[in-house]
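[1] I'd like to go over a predicted model; first the sequence, then the structure.
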Amino acid sequence: MNITVVGSGYVGLVTGTCLAETGNNVLCIDIDENKIHKMKNGEVPIYEPHLDILFHRNIKANRLNFSTSLQEGLDHGEIIFLALPTPEDEDGSADLKYVLGVAEDIGKKITEYKIIVDKSTVPVGTAEKVEAVIGKHTNIEFDVVSNPEFLREGFAVDDFLKPERIVIGSSSERAIEKMKKLYKPYVRSGNPIIVMDEKSAELTKYAANAFLATKITFMNEIANYCERVGADVDKVRIGMGTDSRIGKRFLFPGIGYGGSCFPKDVKALHKSGKDSNYDFKILDAVIDVNQKQKLALIPKIENYFNNSLSDKKIAIWGLAFKPETDDIREAPSLEIINELLENNCKITAFDPEAMPNVEKKIGNKIAYANDMYDAVKDADALIICTEWSIFRTPNFDKLKGLMANQTIFDGRNLYEVNDVLAENFEYFSIGRL
Ligand SMILES: NC(=O)c1ccc[n+]([C@@H]2O[C@H](COP(=O)([O-])OP(=O)(O)OC[C@H]3O[C@@H](n4cnc5c(N)ncnc54)[C@H](O)[C@@H]3O)[C@@H](O)[C@H]2O)c1
Ligand SMILES: O=c1ccn([C@@H]2O[C@H](COP(=O)(O)OP(=O)(O)O[C@H]3O[C@H](CO)[C@@H](O)[C@H](O)[C@H]3O)[C@@H](O)[C@H]2O)c(=O)[nH]1
């Protein structure tokens with residue numbers, strides 16, 4: 001099939017590349033000329049594991065192309081995916097200006113039947129709005145489908161190629177059949193394509209993200225309580241997670257959830273509830289607890305240094321909001337850095353992929369190390385913000401030789417407490433004494 005993807009960011013580029021991988025002819029559109037220029041020159045503009053192999057293979061096969069022209073995109077695709085940003089607006093709602101702006105342009109430029117597929121995460125009722133905006137400008141027939149995306153950064157290619165489910169929200173048989181045909185190669189293992197109405201599809205995405213954010217937040221509260229009563233949250237986590245009704249995943253406590261999705265999506269669902277006179281009390285608590293959790297290490301650090309942080313040399317391992325990505329949107333590391341800088345600490349950080357993005361955001365307010373050991377030279381303490389695999393088995397002897405003071409504040413519970421203590425380090429983590 002000829003497919004167009006409008007918006008070539010994390011979701012759009014992964015979608016376009018993975019759709020090309022099963023033989024479709026894909027044209028990726030973006031208004032960012034620099035991004036399109038880079039991709040035309042064979043450069044993947046984001047770090048996402050395994051994406052580059054598929055990207056280059058499909059460009060070579062001429063199944064993956066790029067353009068800044070929406071008109072070209074509309075001429076090319078039978079199906080037009082919208083993978084546009086839906087950032088947090090000032091009041092917490094999802095800002096639909098990108099989605100509705102492109103819908104307006106589609107309405108003005110459409111010349112024959114198209115299926116417009118919304119892959120962005122959007123509030124209930126957006127498909128109706130998109131339909132109305134397009135329909136205002138044209139009499140040409142079209143269908144709008146809600147097809148939320150569930151990929152995780154760092155696993156995006158795998159999640160797209162082998163999805164646990166595909167959700168299609170539509171009332172048009174014609175569109176549903178076409179979408180099922182497009183996705184058939186991705187569900188050969190028997191995972192379902194779930195068809196429902198547009199509103200339910202839109203809410204499915206928010207409900208899934210809000211539930212996962214709540215699950216993490218619940219564990220963070222259990223962890224905080226563990227610290228007060230002397231229990232070990234890792235033992236509690238395993239004890240709970242082996243109950244198949246609870247499940248082992250997304251029970252890891254830490255310094256809160258970040259990223260481009262959970263924070264904004266929880267707030268957007270909360271705001272949508274308010275707009276419909278429904279008070280999502282649980283989401284209110286999730287937002288509040290998560291914000292505080294991002295700084296959960298700070299009192300421990302202050303306490304350790306007797307409230308005199310000025311001029312302390314702090315090393316940070318991990319800046320991305322999670323491992324295997326260069327994405328720093330809503331990353332807990334940034335909040336911690338901010339707090340430490342306000343207390344006049346000197347910070348040296350290392351992250352395998354995210355340092356360029358942090359440098360773009362905060363410049364030389366902190367120093368950037370060449371590797372994880374370079375970061376800890378003369379440090380008074382090491383803080384771990386992201387659980388990159390390379391941080392999991394450090395050479396403690398080497399650390400000892402490099403650090404001025406052997407203390408670790410671990411925001412991701414990477415090590416067994418006794419193992420670190422046996423190495424003669426002082427060790428503070430989340431929910432364990
Ligand atoms: N990042 C994720 O892991 C993820 C996963 C599932 C769903 N989502 C949702 O998918 C949507 C996109 O997220 P993302 O992370 O890919 O965003 P992104 O910011 O990485 O990418 C969006 C792209 O759209 C482009 N764009 C903006 N206006 C445009 C226009 N008028 N025409 C063409 N291109 C335009 C931007 O230049 C950018 O490249 C959001 O609604 C998000 O909530 C994201
Ligand atoms: O047990 C856990 C699991 C995750 N996290 C944190 O939660 C955040 C989000 O992690 P994850 O869900 O793995 O990453 P995302 O790429 O943000 O993916 C989420 O957001 C996407 C965008 O909507 C959805 O498509 C995915 O299904 C959903 O998992 C990160 O800060 C993690 O550190 C924890 O603190 N504890």
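    Right, received. Where do you want to start? Ligands and ions are numbered 1, 2, ... in the order given.
[2] Determine the set of other helices and strands touching the lengthiest helix in the chain.
    Scanning the chain for the helix with the most residues, using DSSP state H, yields helix 198-229. Here helix 198-229 touches helix 126-135, strand 142-146, strand 166-169, helix 233-241, helix 262-275, helix 281-293, going by 3 or more Cβ pairs under 8 Å, 6 or more residues apart in numbering; DSSP states H and E. Where C-beta positions appear, they are placed from N, C-alpha and C, glycine not excepted.
[3] So which residues on the stretch 51-200 of the chain come close to ligand 2?
    121, 149-153 (Cβ under 6 Å from any ligand atom).
[4] ok, Ile193 to Val122 distance?
    For Ile193, the distance to Val122 (Cβ to Cβ, to the nearest Å) stands at 20 Å.
[5] Settle it for me: which of the two has more neighbours?
    Val122 (25 against 17; other Cβ atoms under 10 Å).
[6] for that one, what are its contacts?
    By Cβ atoms under 8 Å, 6 or more residues apart in numbering, Val122 lies in contact with 86, 94, 96, 99, 146, 202.
[7] thought Gly77 was touching Thr4?
    Yes: contact status for Gly77 versus Thr4: in contact at 3.0 Å, counting by Cβ atoms under 8 Å.
[8] By proximity to ligand 1, which residue of this protein wins?
    Proximity of the chain to ligand 1 (Cβ to the nearest ligand atom) peaks at Gly9, 1.7 Å away.
[9] Dump the contacts of Val122 into CSV; add neighbour count as well.
    Shown next, in CSV, are the contacts of Val122 (neighbours: other Cβ atoms under 10 Å):
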residue, neighbour count
Thr86, 24
Ala94, 23
Leu96, 20
Val99, 24
Ser146, 27
Glu202, 25
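[10] List, out of these, those positioned next to ligand 1.
    Applying Cβ under 6 Å from any ligand atom to these, those adjacent to ligand 1 are Thr86.
[11] Closest one of the contacts of Val122 to Phe391?
    Relative to Phe391, the closest of the contacts of Val122 is Thr86; by Cβ to Cβ it sits at 32.4 Å.
[12] my read: the closest one touches Ser120, true?
    Yes: assessed by Cβ under 8 Å, Thr86 is found in contact with Ser120 at 4.9 Å.
[13] Now list whatever residues contact both of those two.
    98-99.
[14] element containing the residue lying closest to Ile79 once chain neighbours are set aside, please.
    Nearest non-adjacent residue to Ile79, counting by Cβ to Cβ, 6 or more residues apart in numbering: Ile115, 4.7 Å away. Using DSSP states H and E, the element containing Ile115 is strand 114-118.
[15] Which neighbouring elements make contact with that strand?
    strand 79-82, helix 97-109, helix 126-135, strand 142-146, helix 173-183.
[16] CA atoms only for stretch 32-42 - export them in CSV, please.
    Coordinates of each C-alpha in stretch 32-42 appear next as CSV, following Å, rounded to 0.1, in the frame of the first residue of the first chain:
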residue,chain,number,x,y,z
ASP,A,32,11.2,20.4,10.2
GLU,A,33,13.3,21.0,7.1
ASN,A,34,16.5,20.1,8.9
LYS,A,35,15.1,16.8,10.0
ILE,A,36,13.9,15.9,6.5
HIS,A,37,17.2,17.0,5.1
LYS,A,38,19.1,14.7,7.5
MET,A,39,16.9,11.8,6.7
LYS,A,40,17.2,12.3,3.0
ASN,A,41,20.9,12.1,3.6
GLY,A,42,20.6,8.8,5.4
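[17] residues in contact with that stretch?
    8, 13, 28, 30, 45, 56, 59, 66-68.
[18] Kindly supply the ChimeraX command isolating those of these that are buried.
    Buried residues among these (16 or more other Cβ atoms under 10 Å), as a ChimeraX selection:
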select :8,13,28,30,45,59,66,67,68
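[19] Kindly indicate which of the contacts of stretch 32-42 lies nearest Asp380.
    Nearest to Asp380 among those, with distances taken as Cβ to Cβ, is Pro45, at 37.4 Å.
[20] circling back: and the furthest pair within the contacts of stretch 32-42?
    Greatest spatial distance among those (Cβ to Cβ): His56 and Thr68, at 21.1 Å.
[21] Quick one: name the residues of the stretch 301-433 of the chain near ligand 1.
    Counting by Cβ under 6 Å from any ligand atom, the stretch 301-433 of the chain has no residue next to ligand 1.
[22] Just the strands from the stretch 301-433 of the chain, written as ranges.
    When secondary structure is read from DSSP state E, counting those that start in this stretch, the stretch 301-433 of the chain shows strands at 313-317, 346-350, 367-368, 381-384, 407-410, 426-428.
[23] what is in contact with Gly77 and Thr4 at once?
    Leu27.
[24] thinking again about what came up before, test my guess that the residue nearest to Ile79 contacts Asn147.
    No: counting by Cβ under 8 Å, Ile115 does not reach Asn147; the two are 9.8 Å apart.
[25] hang on, the earlier thing: nearest to Pro49, of the helices and strands packed on helix 198-229?
    Distance to Pro49, taken as Cβ to Cβ, is lowest for helix 262-275 among those, at 20.3 Å.
[26] could you check whether the closest one is close to ligand 1?
    No: under the criterion of Cβ under 6 Å from any ligand atom, helix 262-275 makes no contact with ligand 1; the nearest approach is 6.6 Å.
[27] what about that helix and ligand 2, any contact?
    Yes: Helix 262-275 reaches ligand 2 (Cβ under 6 Å from any ligand atom) through Phe262.
[28] in that helix, what's buried?
    Result for helix 262-275 [16+ other Cβ under 10 Å]: buried residues 262-273.
[29] Could you do stretch 195-214 as well?
    195-196, 198-199, 201-206, 208-210, 212-214.
[30] Repeat that for stretch 236-247.
    Judged by neighbour count (16+ other Cβ under 10 Å), stretch 236-247 contains these buried residues: 236-237, 240-241.
[31] Need those in TSV (columns: pLDDT).
    Listed next are the buried residues of stretch 236-247 as TSV, based on pLDDT from 0 to 100:
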residue	pLDDT
Val236	98
Arg237	97
Met240	97
Gly241	97
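[32] and which of these is nearest Phe280?
    Closest approach between the buried residues of stretch 236-247 and Phe280, by Cβ to Cβ: Met240, at 24.1 Å.
[33] which stretches of the stretch 301-433 of the chain form helices?
    Along the stretch 301-433 of the chain, counting by DSSP state H, counting those that start in this stretch, helices occupy 332-342, 355-362, 372-375, 396-402, 417-422.
[34] Going by neighbour count, which residues of the third one are buried?
    Under the neighbour-count criterion of 16+ other Cβ under 10 Å, helix 372-375 has 372-373, 375 buried.
[35] Right, I'll call it a day here.
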